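Visitor: sharing a sequence plus its predicted fold:
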Amino acid sequence: MPTESATPEQILFPAKAMHACAPAFTHQVIGLLDGQPKDEATVSKALEGLDGMFDLIAAGLYNLASMLVGEGEDGVRLVETAIANADVSACDDPVQARQSCRRALSAAALETIAQRDPASLAAPQGLEPAATCIADDDLSAAGVSREELEGMIAGPDRDRVRNWLESLPETLRTIFVLRAVAGFNTDETAQLLATHGGPQAAGWTPEAVRELFRQALCSLASQLIHASAAR
């Protein structure tokens, strides 16, 4: 007797434990997985009207996902994974929900990057400090606050920031997004990379994360200087 074929929804979203708010999000996001190209505006519009914490964080999660793995359905699936797997005990705590979802999304994104290229997030060997224009591994050292960076990512300079991010090597871009956009500290970033970046990523250390983030910040500072000079 033949087995019953799985529905598209069952294939896309296999059974998993979800917290109370997740089913409504899952139902809405299925419509985005239609094989068509999507930019951030398209996804944001499709996610309008979600209640509670999802209304606050869903578009931001897609923004984060797209910076890690690119725009399109990979990013949409990462958002669904984050919502489904985040450790959120209640749906009425947006701050807790947002951070938990960011962690779940970042873990899934690193696994996606490693699947694409197992060596892309390999832990550096014998990394020596580079002579850069940034002495500290803090976003403010590049002359920009987190709020200003968020404004740049979402505002009229969005394309310039995206183009700069895409010009970075995969490892620098990933570390910059995890530290500066997702808001993880050095230790958390090293742990995420070592745990979810594939077999070659097991050797990531906070010192290596700190050094590469400093290099990315120097690149950002240079980008800001050139942008200011061009105005």
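Guide: Nice, thanks for sending it over.
Visitor: what residue spans form the domains of the protein?
Guide: Domain segmentation of the chain under automatic domain parsing yields 8-116, 139-230.
Visitor: and those, which one is worst for confidence?
Guide: Ranked by mean pLDDT, the domains of the chain bottom out at domain 8-116, which scores a mean of 67.
Visitor: pretty sure Gly75 contacts Ala82?
Guide: No. Using C-beta atoms under 8 Å, Gly75 is not in contact with Ala82; the gap is 10.7 Å. Backbone N, C-alpha and C define where each C-beta goes, glycine included.
Visitor: so for those two, which residues contact both of them?
Guide: Common neighbours of Gly75 and Ala82 (criterion: C-beta atoms under 8 Å, 6 or more residues apart in numbering): Ala65.
Visitor: what about the closest residue to Leu178 other than its chain neighbours, neighbour count?
Guide: Distances taken as C-beta to C-beta, 6 or more residues apart in numbering place Thr189 nearest to Leu178, at 4.7 Å, with adjacent residues excluded. Each residue near Thr189 was counted by other C-beta atoms under 10 Å, and the total is 25.
Visitor: repeat for Ala180
Guide: Ala180: 22 neighbours (other C-beta under 10 Å).
Visitor: doesn't Glu147 make contact with it?
Guide: No. If you go by C-beta under 8 Å, Ala180 and Glu147 don't touch, sitting 11.8 Å apart.
Visitor: grab the longest helix from this structure for me.
Guide: Secondary structure of the chain read by DSSP state H shows that its longest helix is helix 206-230.
Visitor: buried residues, it. List them.
Guide: Buried residues in helix 206-230, counted by 16 or more other C-beta atoms under 10 Å: 208-221, 223-224.
Visitor: same deal with stretch 189-197?
Guide: When burial is assessed from 16+ other C-beta under 10 Å, stretch 189-197 yields the following buried residues: Thr189, Ala190, Leu192, Leu193, Ala194, His196, Gly197.
Visitor: let's verify the residue nearest to the third one when sequence neighbours are not counted: helix, strand, or coil?
Guide: Put plainly, it is Leu192. Nearest residue to Leu192 in three dimensions, chain neighbours excluded: Ser106, at 5.8 Å (C-beta to C-beta, 6+ apart). Assigned by DSSP: H, G, I helix; E, B strand; the rest coil, the conformation of Ser106 is helix.
Visitor: show me the contacts for Ser106.
Guide: Neighbouring residues of Ser106 by C-beta under 8 Å, 6+ apart: Leu64, Leu68, Leu178, Ala182, Phe184, Leu192, His196.
Visitor: Pro124 too?
Guide: Going by C-beta under 8 Å, 6+ apart, Pro124 touches Thr171, Ala208, Leu212.
Visitor: can you do 7 Å?
Guide: Shown in contact with Pro124 (C-beta atoms under 7 Å, 6 or more residues apart in numbering): Ala208.
Visitor: circling back to that earlier point, spell out which two among the buried residues of helix 206-230 are the most distant pair, please.
Guide: Largest separation among the buried residues of helix 206-230 by C-beta to C-beta: Ala208 and Leu224, giving 24.9 Å.
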